[in-house]
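Asks: Let me see the structure of the following:
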Amino acid sequence: MVNRISAPRGTKDVLPPVSAEWNRLERHAREIAERFGYGEIRTPTFESTELFVRGVGETTDIVEKEMYTFKDKGDRSMTLRPEWTAPVVRACIEHSLFAEGPQRLFYIGSIFRYERPQAGRYREAHQFGIECYGFAGPEADVEVIGVATALLDRYALGGVTVRLNSVGDDVCRPRYRDALLAHFRPHAADLSEDSQRRLERNPLRILDSKSPADAPFVASAPTFADVLCDACRAHFDAVRGYLDASGIRYVVDPHIVRGLDYYTRTVFEITSDALGAQSTVCGGGRYDRLVESLGGPATPAVGFGLGLERFLLMVAAAQGDAVAPRRGIQAIPLGPAARDRMVPIVAALRAHGGAPTYIDYGDRRLTAHFKLADKNRARYALILGDDELAAGEFVLRDLDARTDRRLPLGASPDRVATALVEALT
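Replies: Below is the predicted model:
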């Protein structure tokens, strides 16, 4: 007996009808991004490991613990994409996009991180994200947040909160580092092993710690609001002003720092209580130094990443036991003669486009065909058997209303398809 091979731990097969929800979400994301003036970018699934070490930060959890890194046959270190921003910046530099002026880009695709699998979090996950380059002002921050909230509004999800903070810049961040060192050093022996290691190298990373040992010290740590320079404070105040003017509700959360080293000034997260406890579905912010650090021209930037798995879990929780609406036609041929006549009719219906057309080619009873129609969530059943062939007609059943209509079979499949389309509009 041959052993079955399963999908790797932390990955997931997406099967119908769930794949239809993925397609719908991606379609909404693309439509909204394009409405805001963003074009899609696609980058390779793997990149040089150096890109993420330099771009994301050596002391981040991603680089230290979570990357899928391997040597290729040329003995070069490669890494499966753990996040999208650094690859997008690399592509823009390589193809000289920044020389053309400001860039508005979006992406939809996989990321790979070795972490403990849990609900809505996988080792291969998927993100929708926005990257806005070339605008240093707070208007761009609000535009990017507006893309994310527009997608959430499309699904009318409740319990959603935009959480906002500022993490300063190269002027005020050293003051914050000193304040954190003064706060954490007296408690160094009580911190988790990871936080002890990071204390002198990058104390900001302690604020991202999920260890219970660190929790009381993180809760009492000083905030960026205590040390922001005048320029960063003015930027943050302007972001809040534009959000207010745009009708986007938010709360200021001084504990948001984000887990990547490249963030400056505005950072934000969008959380929801749809899954019970507050969970983050989207996070982002400004990263004005990243392009230059990767060898490009000095270019201000802001963006976000939204986890598709977590978002779809939120949608499912909000919808509860709601059943997807019926759409499309289930073609039901009863017997070989009816099947011979039905196959070209189905082909003509599919050529007309629009709603899906389903057909099963097996010899089944009518009740079995209806079960397939229910599984496919078809709205109508197109029934053709020996009696209908003899009468030169077919039966069109509305599976919601449970009513029947008899329509002429017609001289050609295309005429039947045209008559059906007209009957259903």
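
Asks: Just list the residues touching the residue nearest to Thr403 when sequence neighbours are not counted, thanks.
Replies: Spatial nearest neighbour of Thr403, excluding adjacent residues (C-beta to C-beta, 6 or more residues apart in numbering): Arg397 at 7.2 Å. Quick note: C-beta positions are derived from backbone N, CA and C, even for glycine. Arg397 sits next to Tyr380, Ala381, Ile383, Thr403, Asp404, Arg405 when contact means C-beta atoms under 8 Å, 6 or more residues apart in numbering.

Asks: Quick check: the residue with the largest distance to the centre of the chain vs Cys172, distance?
Replies: Ranked by distance from the centre of the chain (C-alpha atoms, centre = their mean), the top residue is Ala390, with 53.0 Å. Distance, Ala390 to Cys172, using C-beta to C-beta, to the nearest Å: 86 Å.

Asks: And for Ala401?
Replies: For Ala401, the distance to Cys172 - C-beta to C-beta - is 66 Å.

Asks: Tell me which of those two has more neighbours.
Replies: For Ala401 and Cys172, the more surrounded residue by other C-beta atoms under 10 Å is Cys172, and the numbers stand at 21 against 8.

Asks: Can you read off the pLDDT for the more buried one?
Replies: In this model, Cys172 is scored at 87, pLDDT.

Asks: ok, so what distance separates it from Pro216?
Replies: Taking C-beta to C-beta, one finds Cys172 at 26 Å from Pro216.

Asks: Look at Asp190 and say how many residues are nearby.
Replies: Asp190: 13 neighbours (other C-beta under 10 Å).

Asks: ok, now which ones touch it?
Replies: Asp190 neighbours (C-beta under 8 Å, 6+ apart): Ala213, Phe217.

Asks: Please renumber the chain so that the first residue is 649 from this point on.
Replies: Got it, the first residue is 649 from now on, which makes the last one we talked about Asp838.

Asks: Look up how far Asp901 lies from it.
Replies: For Asp838, the distance to Asp901 - C-beta to C-beta - is 25 Å.

Asks: go on, Ala949?
Replies: Look at Ala949 and Asp901: by C-beta to C-beta, they are 22 Å apart.

Asks: between those two, which one's more packed in?
Replies: Neighbour count, other C-beta under 10 Å: between Ala949 and Asp901, Ala949 has more, with 28 against 16.

Asks: Tell me the bridge partners for that one.
Replies: Tyr781 (DSSP bridges).

Asks: pretty sure it contacts Ser941?
Replies: No - with contacts defined as C-beta atoms under 8 Å, Ala949 does not count as touching Ser941, sitting 11.3 Å away.

Asks: any weak-confidence spans in the stretch 949-1073 of the chain?
Replies: For the stretch 949-1073 of the chain, applying pLDDT under 70 flags the ranges 969-970.
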